[in-house]
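[1] any chance you can model this:
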Amino acid sequence: MRRYETVFISDPDLSGDDQAQLFEKITDLIAKKGGVIVDFDEWGSRRLAYEIKKKQRGYYVRLDYCGDGEVVKALENAFRLDERVLKFMTIFLQDGADPEELKKALAQEKTQTGEDADKPDETSGDKKPETESAGDGETDSDAGVDAGEDGTTDAAKETKAAVIDEKTDAASADNK
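    Okay, the predicted model is just below:
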């Protein structure tokens, strides 16, 4: 089977029952066409980047499913005909996917991320990460990155002086 991902935006003004009815219609359509839903992820109501069908908000849903081209064709046709769906996009993810293995891997990933949420993040400590841009063993202050009292660095002052010199050279050349 081929694996697809579809993200669609539904009307945020739908009642909970209407949303549930829309989601049930979509899942039934996929099952009827021989597809298997791997993951159904509701992202919730979010502000749209631009107005779609006179709406400024949309309810985002991500579908991860396996099936053939007929599943995608039927699903996209249903989206086009259903006025509750504002926008949709489908992408192909993988050929020869096994839905059962994908479900197991997804469940395992969710349990691992749930366990990791309890652990403190290793990068969130007080230790500041070292920068590679300073060079061989130099710290930022050794590399001349410290700003002076006026807030500009030595390199910025040198660049500013070079630009001023070029302007005065160009002005004196024009006067000759």
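[2] C-alpha from now on. contacts and neighbour counts both.
    Fine.
[3] surely I30 is in contact with E76?
    No - using CA atoms under 8 Å, I30 is not in contact with E76; the gap is 10.8 Å.
[4] just the CA trace of stretch 91-98, in CSV.
    Output in CSV follows, covering the C-alpha atoms of stretch 91-98 (Å, rounded to 0.1, in the frame of the first residue of the first chain):
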residue,chain,number,x,y,z
ILE,A,91,1.1,14.4,-0.1
PHE,A,92,2.6,11.0,-0.9
LEU,A,93,4.9,9.7,1.9
GLN,A,94,5.9,6.2,1.1
ASP,A,95,5.4,3.3,-1.3
GLY,A,96,5.0,-0.2,0.0
ALA,A,97,4.0,0.8,3.5
ASP,A,98,2.6,-1.7,6.0
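[5] what's it in contact with?
    Contacts to stretch 91-98, defined as CA atoms under 8 Å, 6 or more residues apart in numbering, come from residues 1-6, 66.
[6] by contact count, what packs against the longest strand anywhere in the chain?
    If you go by DSSP state E, the chain has its longest strand at strand 36-52. With contacts taken as 3 or more CA pairs under 8 Å, 6 or more residues apart in numbering; DSSP states H and E, strand 36-52 sits against helix 16-32, strand 55-67, helix 99-116.
[7] just to revisit the earlier point, who wins on neighbours among the contacts of stretch 91-98?
    Using other CA atoms under 10 Å as the neighbour criterion, C66 leads those with 29 neighbours.
[8] wait, it touches K33, no?
    No - contact criterion CA under 8 Å: C66 and K33 do not qualify, at 10.7 Å.
[9] hmm, back to that, out of the helices and strands packed on strand 36-52, which comes closest to E42?
    For E42, the closest of these is strand 55-67, at 4.5 Å, according to CA to CA.
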